Each structure stands twice: as structure tokens, then as C-alpha cells.
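Undergrad: The amino acid sequence is not available; the structure is as follows:
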């Protein structure tokens, strides 16, 4: 199924990072403009007051050369590179700004008032001294040498100077009007000795003006930083994560297609590595399960083959003897007929025994049947085993001895099932014990548990056969030459019986001794 791009984890993270970087760039640009506004500087070494003086002198020179000059065009062409806005107010009514910025109304009223009035006495002022606290005020331009002086009105009389004729010691000194509005003293434009206009520079550039002024360059820088940052972020953050997730996806597809050896790289300690480790653990579990199923299937097939083989031999013998007995043209004496019938009976019993063992094994491995756990005297168990195999021992020329530890005289178990396990172990020992040897049945304390063992003095079992000795139908008779083979189910039944009762069975062997031990049984008086 095709998924939409906006549902991709990569795109969501990428868009989030890009949006965050863009927001940070915008904030940075706003802080830059604000900081620039706070400084009040325009060009290196140029403060607002000195900028006004420079512009006023330049405009005065231009007007003296050409009284009809287009001030708006001239200001735009000459001062477009300045970052600090200003405006020019002429006595003839012309109003020119250096940009598209708007200016506070109190600043415009102050400029208009300065064009229309002479020096007024202010509190703290004295004749012949400037405005402002201490009688000092900024004077952007001193009186020109060729400026005409007002006519004297009598001996020793001199009219008070205009505001623009006052001494100027600090062009950048801030003044306040009656409402408290702060401003830099306007710079007069003196043309032919007369005040023609003023240049007013705000103490601080308006924020909106600076933002519009630097918006293109800031946008260009921000776009470049955003593109470079996005590329670097993609290469350094999303690239490795994408490659690792792609490797995890490839491993998952291989595992889904049946490749149980597929594993994802799980290096690192982040979330992707944790997912890869979980995937590998799942793959290992699936591989183990698949191997177990394959082994179970092989065991099932082998079981069917072994059962077929074990049943085929006696069935073939029975059928052959029955066909012989039913042949009318064949005359058999009574002894031969009796021998044939005895063989048929033995093979039939063998089939019944094999079927019974298969049924027992199936019930035990399937958890069927109910165990009756009770206190069982070990001496009774060993006596029944010895009595059951007395005839077999005599035929094999072996003896059976019993050793019981006083602290292991009673076990808690299912009497019939435990006896069946011991009977199978004893029959196995009799089959391999050499003539004149002794089979030992022993019970002893092993920690807080009881162990029962059956030992024979046979040739032993080769080490390569030990891992498979309790498998169904497995026979190691080649190691004990000359011994008749059993069904191969006896030891499997012993293992199932013991494990159902919470114990375990093991074997120790060497040339001249083989010991099968049932371990982990509780004492009979245990609660």
C-alpha cells in the first residue's frame, strides 16, 4: 500500500526542524533590528546629531548652487545608503523624507515650531545662552561669516540671537518638550544667511523602518542558513537514522521471506538500536522455534520409520509361519508345528509389548494419566524388581544385589510408574551384563533428595552415543556386540516417567561399569 509523504516519520521530523530553525532565524532578525535601533548609529562615527549636521550643510550648499533643485530627488539619490531615517522641512512648505518611514507627530510639530519662532526664554536660561538645562544647547551650524547682522537700534543695543545662532557644543544632546518628548535639536539649513529649513533626525530609528530596510538582506541570509542547516541536518541526523531503519526494514523483509539468518545491525544505544535488538531477539526466537519444529518433524518421520520397522519384523515372521502352517501339501510333525506356533506366540507378544510401550510413551509425553504420589518403601521396590527379573538373571548368569542407605529408605513417588522405570533399567542392565557379574540396585541420600541407581559391569557405552541414549528407538547395541537388541523405547519411557515426577535420569559409563541414576526424588515423609 502506497503511503502519503506527509505520514512519513522523516518528513515530520524534517518539517519540524525546518520550522524551528526558521522561527529562530526570524527571532534573531528581530533582535538584530532592535539592537541596531538601540545603538542609534548609522555610519561609522556618525551619530543622529552629526548625521543631521552633515545633511543640513550638504543641502544648504546644494540650494545655494540651485535654488530650484528637486529636494526629494536629491535626498533620495544622495542618502539612500543611510540606515537612519530623517526628514527635511522647508520654510516654503516642502517636506522631504529619506525613506518611507513615518515620524512621530511631536517631532514634526517641534520642527515646524522651530521654523516659525525665535529664541524664547526658558527656565534657567539667560540672555545670550542657549536653550536646555544649563543654558547650553546643540547648535548644528554656527553663524556664517557672511551672514548679515540685524541693524542696531541704538548705541550698545544688540537684538537677541535666533535659536540656530546659539553656540553649539554637543550636536547629540537630547532635549525635551513640555510633554516630555525627547528629541535631538534640529539642524538648520542656512541659505544666504537665512534659515531655509531644518533637518530632523530621530534619536532612534523606527523599528518598522529598520525592519523594512534590512528585510531583503535578512531574508537572503536566513534563506541561505535555512538551506545549509537543512542539508547538514539531513546528512548528519536523518541520513544515519534512515540508513539504519532501511537496514532494519531489509532484515524484516528477509525474515518474512523465510531467511531465518536475517539480522538487523543493533549498534548504539538509541531507540533504533533498541528496536533492532528486539527484532534480533524475535528472529532468534523464531529461528529456535523453526529449528525445534524441524527437529520435531524429523523425529516424527523417524518415529514412523522406526515403528514401521519394529512392527514389520515380527509381522513378517508371523505371516510366514502362518502361511507355512496353512499349506495343505506340507506335512509337518507335531514337534515342528509346536515350534512354529511358539515362534508365532513370541512374535505376537513382541508386537503387543511394542504397542504397549508406544502407548505408554505417548501418554507420558502428552501428560496423560494421573500420578498417585505416595510414600513408597524403597526396599519393596527393589524386591519387586529382583523377583520380576529372577528368571532372566539366572538365564544370563548374573546376580542382583541391593544397597539401601538408612536415610533413603522411603521416596515420595507414583509406585507403579517408578517401579516400571526401575524394571526397564534392570532389564537393560541384564541385557548387557556379562556372565558372573553383579547388577547393583542402590538407594542413597544426595543432598536433600533421594537418588536410585542401577549399575552393571558391562562393556560401557561409547561417549558419542551418550547424548542420544534416551531418544526413542535409539540403539547403541553396536557398542555391546553380541547382545540382542531391544525396542529402543525402554530408556525413553524411563526418562518420561522420572521427569513427570519432578526428577531426572542420567548415565555414567566407562569400560566395565555403566550406572543409570534416577535423581531428584523427595523423601517419603516430605511435606
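TA: Good, I have the coordinates. Every value quoted in this text rests on a predicted model; they were computed, and no experiment measured them.

Undergrad: Secondary structure element holding residue 444?
TA: strand 438-446 (DSSP states H and E).

Undergrad: Pairing partners for that strand, with directions?
TA: With DSSP bridges as the test, strand 438-446 is paired with strand 399-404 (parallel), strand 449-456 (antiparallel).

Undergrad: Of all those, which one comes closest to residue 301?
TA: Ranking these by proximity to residue 301 (CB to CB) places strand 449-456 first, at 32.2 Å. Backbone N, C-alpha and C define where each C-beta goes, glycine included.

Undergrad: Now do that closest one: everything it contacts.
TA: The contact list for strand 449-456, computed with CB atoms under 8 Å, 6 or more residues apart in numbering, reads 378, 381, 408, 411, 422, 425-426, 428-430, 432-433, 437, 439-445, 513-523.

Undergrad: From those, which land in strands?
TA: 411, 439-445, 513-523 (DSSP state E).

Undergrad: And this structure, what are its domain boundaries?
TA: Here the domain assignment for the chain is 5-38+211-251, 41-117+133-141+160-203, 271-361, 373-523, based on automatic domain parsing.

Undergrad: related to what we said a few turns ago, report the rounded mean pLDDT for the strand holding residue 444.
TA: Averaging pLDDT along strand 438-446 gives 93.

Undergrad: Which positions in that strand come out as buried?
TA: By neighbour count with 16 or more other CB atoms under 10 Å, strand 438-446 contains the buried residues 439, 440, 441, 442, 443.

Undergrad: Who is the third one paired with across the strands?
TA: Here residue 441 sits in beta bridges with residue 402, residue 454, as judged by DSSP bridges.

Undergrad: Residue 508: neighbouring residues, count only.
TA: As a burial measure, residue 508 scores 14 neighbours (other CB atoms under 10 Å).

Undergrad: Would you mind pulling the contact partners of the helix or strand hosting it?
TA: Using DSSP H and E, residue 508 sits within strand 504-510. Under the contact criterion CB under 8 Å, 6+ apart, strand 504-510 has outside partners 421, 460-461, 466, 469-470, 494-495, 498-499, 514-520.

Undergrad: Likewise for stretch 252-259?
TA: Under CB under 8 Å, 6+ apart, the answer for stretch 252-259 is 262, 264, 279, 283, 286.

Undergrad: Show me the helices in the chain, by range?
TA: For the chain, helices defined by DSSP state H occupy the ranges 9-39, 48-65, 71-79, 105-116, 207-233, 239-256, 271-325, 334-365, 378-388, 390-396, 415-432, 490-500.

Undergrad: where does the stretch 1-150 of the chain dip in pLDDT?
TA: Along the stretch 1-150 of the chain, segments meeting pLDDT under 70 span 1-12, 31, 33-46, 82-83, 99-101, 117-150.

Undergrad: before we move on, what about the stretch 351-500 of the chain?
TA: Where the stretch 351-500 of the chain drops to pLDDT under 70, the residues are 357, 361, 364-369, 473, 475-488.

Undergrad: ok so, going back, I'd like the mean pLDDT over the strand holding residue 508, please.
TA: Average pLDDT, strand 504-510: 92.

Undergrad: Next, count neighbours for residue 59.
TA: As a burial measure, residue 59 scores 26 neighbours (other CB under 10 Å).

Undergrad: Grab the most central residue of this protein for me.
TA: What sits nearest the mean C-alpha location of the chain, by CA atoms, centre = their mean, is residue 271, with 0.7 Å.

Undergrad: quick one on the thing from earlier: buried residues, the strand holding residue 508. List them.
TA: By neighbour count on 16+ other CB under 10 Å, the buried set for strand 504-510 is 505, 506, 507, 509.

Undergrad: and if you look at stretch 246-258?
TA: 247, 248, 251, 254, 255.

Undergrad: do the same with stretch 415-432
TA: 415, 417-432.

Undergrad: Closest one of the contacts of stretch 252-259 to residue 62?
TA: Closest approach to residue 62 among the contacts of stretch 252-259 (CB to CB): residue 264, at 78.1 Å.

Undergrad: what's the closest one sitting at in phi/psi?
TA: When read as degrees, to the nearest 10, the backbone of residue 264 gives phi -100, psi 150.

Undergrad: picking that back up, which one, of the helices of the chain, ends up nearest to residue 404?
TA: In terms of CB to CB, the element of the helices of the chain nearest to residue 404 is helix 378-388, at 5.5 Å.

Undergrad: Residues contacting that closest one, please?
TA: 400, 402, 404, 408-411, 415, 418-419, 422-423, 426, 441, 443, 450, 452.

Undergrad: What distance do you get for residue 23 to residue 226?
TA: 11 Å (CB to CB, to the nearest Å).

Undergrad: Quick check on the two: which one has the bigger neighbour count.
TA: More crowded of residue 23 and residue 226, by other CB under 10 Å: residue 226, with 15 against 10.

Undergrad: Next up, the contacts around that one.
TA: 18, 21, 22, 25.

Undergrad: From the residues you listed, pick the one nearest residue 203.
TA: Among these, residue 25 lies closest to residue 203 (CB to CB), at 28.9 Å.

Undergrad: wait, isn't that closest one in contact with residue 225?
TA: Yes - in this structure, residue 25 is within contact of residue 225 by CB atoms under 8 Å, at 6.2 Å.

Undergrad: If you count surrounding residues, which of the two has more?
TA: Per other CB under 10 Å, whichever of residue 25 and residue 225 has more neighbours is residue 25, with 18 against 15.

Undergrad: what's the nearest residue to that one once chain neighbours are set aside in contact with, if anything?
TA: Nearest residue to residue 25, sequence neighbours excluded (CB to CB, 6 or more residues apart in numbering): residue 222, at 4.1 Å. Each residue near residue 222 by CB under 8 Å, 6+ apart is listed here: 22, 25, 26, 29.

Undergrad: Repeat that for residue 196.
TA: Residue 196 neighbours (CB under 8 Å, 6+ apart): 60, 63, 90, 91, 189, 190.

Undergrad: okay, now residue 344: neighbour count?
TA: 18.

Undergrad: Please read off the pLDDT at it from the model.
TA: With respect to pLDDT, residue 344 scores 85.

Undergrad: can you tell me how far it sits from residue 312?
TA: 16 Å.

Undergrad: now residue 193
TA: In terms of CB to CB, residue 193 sits 140 Å off from residue 312.

Undergrad: wait, what's in contact with residue 245?
TA: Contact partners of residue 245, counting by CB under 8 Å, 6+ apart, are residue 272.

Undergrad: Skipping its backbone neighbours, what lies nearest residue 13 in space?
TA: In space, residue 13 is closest to residue 238, 6.8 Å off (CB to CB, 6+ apart).

Undergrad: How much space separates that neighbour from residue 263?
TA: For residue 238 relative to residue 263 (CB to CB), the value is 24 Å.

Undergrad: and residue 278, how many neighbours?
TA: Residue 278: 12 neighbours (other CB under 10 Å).

Undergrad: for residue 406, same thing?
TA: 7.

Undergrad: Next one: residue 343 from residue 230, what distance?
TA: Using CB to CB, residue 343 is found at 92 Å from residue 230.

Undergrad: if I look at the residue nearest to residue 470 when sequence neighbours are not counted, how far off is residue 425?
TA: Nearest non-adjacent residue to residue 470, counting by CB to CB, 6+ apart: residue 495, 4.5 Å away. Distance check for residue 495 against residue 425: by CB to CB, it reads 11 Å.

Undergrad: Please apply the same query to residue 500.
TA: Separation of residue 500 from residue 425 (CB to CB): 16 Å.

Undergrad: I'd say residue 409 and residue 403 touch.
TA: No - under the criterion of CB under 8 Å, residue 409 is not in contact with residue 403, lying 11.6 Å apart.

Undergrad: Between those two, which contacts overlap?
TA: With CB under 8 Å, 6+ apart as the test, residue 409 and residue 403 both reach residue 443.

Undergrad: Report the distance from the strand holding residue 444 to the chain centre.
TA: 58 Å (CA atoms, centre = their mean, to the nearest Å).
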